[in-house]
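# build me a model:
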Amino acid sequence: MNRVLVVGLARSGRAAQAALESRGTAVVAADRTLGNDADLALLDGIDVLVKSPGVPGEAPLVATARAQGIPVWSEIELAARLLPNPLVGVTGTNGKTTTTELLGAMLGARTAGNVGTALSQFAGERVGEVEPDAWIVCELSSFQLEDIDELQPRIAVLLNLEPDHLDRHGTFERYRDAKLRIFENQTAGDVAVLPRGFGAVPGAGRRVEFSADDALPAEPLIPGAHNRENAAAATAAARAAGVGDDEIAAALQTFPGVPHRLELVADVGGVRFVNDSKATNTAAARRALAAYDAPLHLILGGSLKGERFDEFAADVARANVVTAYLIGEAADPLATDLSYASVPFLIATTLERAVAEAAGAAEAGQIVLLSPACASYDQFRDFEHRGEEFKRLVENLQG
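Alright, predicted model coming up:
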């Protein structure tokens, strides 16, 4: 590669640019919003276009590059080509970050990918921080996997598949196909870790299955049946990487979880406040509902992603929910479906009011749970911003 166009200058785009420039490659960097006729001249002399995950395939620069026969890679594809390290790839609709970090603890490995460190950082400014034969555990989103070419994880993990990101992919089938690309380049020497009973997947990796009721070397510290399933997946992958059960047990018993995933923020007067801001779809919120027996004051809502809420509302009605507090652009459609399901709700509009109302109504022994079932982009930069704001509001209650 002599000349590369990097489209999208957020975390992964900047890391890709730095990694390429550290190797002497000429880089043209473009913001994701570019796309008029003058901007298309940026493709002149380009060997490869590297696309950040937030840039849709329909973006003019990307579509024109493909029409001109210029390869389009995700930042993950680029990094995997630059790095000699064996990779464990973790994908799925829910549980990716928790499983990635837990597996990193089991392997004593660095983690990267969809959140946290961009994989390209290990190929750029952080060269030397990771030995070339050391495992890297990489969380992989559908947005990253849709633009791979030769990516071949030694171990590829699929946690689950539920409808998500339909506003981007259009159909569940296209979303599923993007996720399953994690397996397509695996050979017989690689391992494909899958939920028990999952159907056929691409590639020739040796199949290893897991389920939430697997016997584990130790019970995980983190709560919830879904986290036991995540632990089973991580255990299967760690064993495939040659890790012994003693090391796996130590990680299971000490791993505290990650921020914004069923994160206990505080206990205020006997009321627990739990931050599950990463629950950006209904499947994730269902898992949160199932994790607790105590009565719940549930904060729902945010930006819409193409999901319906009618079946989810029925699940909320069956859970131990005292009141739902609705925020963001999803408040009205949620209110409609919750009303049909006879779930008490309050349209709070903002997170600040939702926390105040829930805190005022909750009694000792109950839980105020932020598990929005929606994305965050209508009122926040991302789910981390939403979760940090929730924690700030709870800290104000303590004050």
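# list the contacts for residue 65?
Residues near residue 65 by C-beta atoms under 8 Å, 6 or more residues apart in numbering: 5, 43, 46, 49, 72. Just so you know, the C-beta spots here come from the backbone N, C-alpha and C atoms, and that holds for glycine as well.
# what strand or helix carries residue 27?
strand 26-30 (DSSP states H and E).
# neighbouring strands - and their directions - for that strand?
strand 3-7 (parallel) (DSSP bridges).
# just the CA trace of the partner strand, in PDB.
C-alpha atoms of strand 3-7 as PDB (Å, rounded to 0.1, in the frame of the first residue of the first chain):
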ATOM      1  CA  ARG A   3      -1.400   5.600  -0.500                       C
ATOM      2  CA  VAL A   4      -4.500   5.000   1.700                       C
ATOM      3  CA  LEU A   5      -7.600   7.100   2.300                       C
ATOM      4  CA  VAL A   6      -9.000   6.900   5.800                       C
ATOM      5  CA  VAL A   7     -12.600   7.900   6.000                       C
END
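# neighbouring contacts of the strand holding residue 27?
Contacts of strand 26-30 (C-beta under 8 Å, 6+ apart): 2-9, 13, 17, 20-21, 39, 42, 46, 61.
# of these, which one scores lowest on pLDDT?
For the contacts of strand 26-30, the weakest pLDDT value sits at residue 39, with 83.
# that residue and residue 62 touch, don't they?
No. Using C-beta atoms under 8 Å, residue 39 is not in contact with residue 62, being 11.7 Å away.
# tell me which of the two has more neighbours.
Using other C-beta atoms under 10 Å as the criterion, residue 39 and residue 62 rank with residue 62 on top: 22 against 15.
# helix or strand: which one has that one?
Using DSSP H and E, residue 62 sits in helix 60-67.
# pull out the buried positions in that helix.
Buried residues in helix 60-67, defined by neighbour count with 16 or more other C-beta atoms under 10 Å: 61, 62, 64, 65.
# returning to what we had before: and the strand holding residue 27, how far out from the chain middle?
Computed by C-alpha atoms, centre = their mean, to the nearest Å, the chain-centroid distance of strand 26-30 equals 28 Å.
# now do stretch 315-330
Stretch 315-330 sits 23 Å away from the centroid of its parent chain (C-alpha atoms, centre = their mean).
# that stretch spans what distance, first to last residue?
By C-alpha to C-alpha, to the nearest Å, the extent of stretch 315-330 from end to end equals 17 Å.
# what about the closest residue to residue 277 other than its chain neighbours, neighbour count?
Leaving out its chain neighbours, the residue that sits closest to residue 277 by C-beta to C-beta, 6 or more residues apart in numbering is residue 387, at 3.3 Å. By other C-beta under 10 Å, 23 other residues sit near residue 387.
# quick one: the helix holding residue 62 to strand 26-30, angle?
Helix 60-67 and strand 26-30 are oriented at 130 degrees to each other (axes from the mean of the first three to the mean of the last three C-alpha atoms, to 10 degrees).
# re the thing from before, hey, C-alpha coordinates of the strand holding residue 27 in CSV?
Extracted C-alpha coordinates of strand 26-30, given in CSV (Å, rounded to 0.1, in the frame of the first residue of the first chain):
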residue,chain,number,x,y,z
ALA,A,26,1.0,8.1,2.7
VAL,A,27,-2.4,8.8,4.2
VAL,A,28,-5.2,11.0,3.1
ALA,A,29,-7.6,11.6,6.0
ALA,A,30,-11.3,12.6,5.3
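# pretty sure residue 112 contacts residue 135?
No. Between residue 112 and residue 135 there is no contact under C-beta under 8 Å: 11.1 Å.
# who's more crowded, these two?
Per other C-beta under 10 Å, whichever of residue 112 and residue 135 has more neighbours is residue 112, with 29 against 25.
# return the distance of that one relative to residue 79.
Residue 112 is 8 Å from residue 79, where distance means C-beta to C-beta, to the nearest Å.
# anything in contact with each of these two?
Counting by C-beta under 8 Å, 6+ apart, the contacts common to residue 112 and residue 79 are 118, 119, 122.
# ends of stretch 352-372, what's the gap?
Terminal-residue distance, stretch 352-372 (C-alpha to C-alpha): 14 Å.
# mind listing what's buried in it?
354-359, 362, 366-372.
# same question for stretch 239-258.
Of all the residues in stretch 239-258, those buried under the rule 16+ other C-beta under 10 Å are 239, 240, 241, 243, 248, 249, 251, 252, 255, 257, 258.
# ok, residue 113 - how many residues close by?
27.
# could you measure from the residue nearest to residue 277 over to residue 335?
From residue 387 across to residue 335, the span is 23 Å (C-beta to C-beta).
# what's the answer for residue 12, then?
The gap separating residue 12 from residue 335 is 37 Å, by C-beta to C-beta.
# more neighbours: these two, which one.
residue 12 (29 against 20).
# touching, that one and residue 52? I think so.
Yes. Using C-beta under 8 Å, residue 12 is in contact with residue 52, at 5.1 Å.
# would you mark the buried spots in whatever helix or strand residue 391 lives in?
Per DSSP H and E: residue 391 is located in helix 383-398. Buried residues in helix 383-398, counted by 16+ other C-beta under 10 Å: 383, 386, 387, 388, 389, 390, 391, 393, 394, 397.
# for the record, mean pLDDT for that helix?
Across helix 383-398, the average pLDDT comes to 96.
# contact partners of that helix?
With contacts defined as C-beta under 8 Å, 6+ apart, helix 383-398 is touched by 259-260, 263, 265-266, 268, 273, 275, 277-278, 280, 299, 302, 351-352, 355-356, 359, 370, 372, 375-376, 379-380.
# before we move on, which element is residue 231 in?
Secondary structure assignment for residue 231, by DSSP H and E: helix 225-240.
# how far off centre is that helix?
Offset of helix 225-240 from its chain centre (C-alpha atoms, centre = their mean): 16 Å.
# other residues contacting it?
Applying C-beta under 8 Å, 6+ apart, the contact partners of helix 225-240 are 88, 90, 94-95, 98-99, 102-103, 106-107, 155, 157, 159-160, 191, 193, 195, 208-212, 214, 216-217, 219-220, 222, 245, 247-248, 251-252, 257, 262, 287, 290-291.
# return a PyMOL selection command for the buried portion of those residues.
To isolate the buried ones among the contacts of helix 225-240 in PyMOL, judged by 16+ other C-beta under 10 Å, type:
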select buried, resi 88+90+94+95+98+99+102+103+106+107+155+157+159+160+191+193+195+208+210+212+216+217+220+222+248+251+252+257+262+287+291
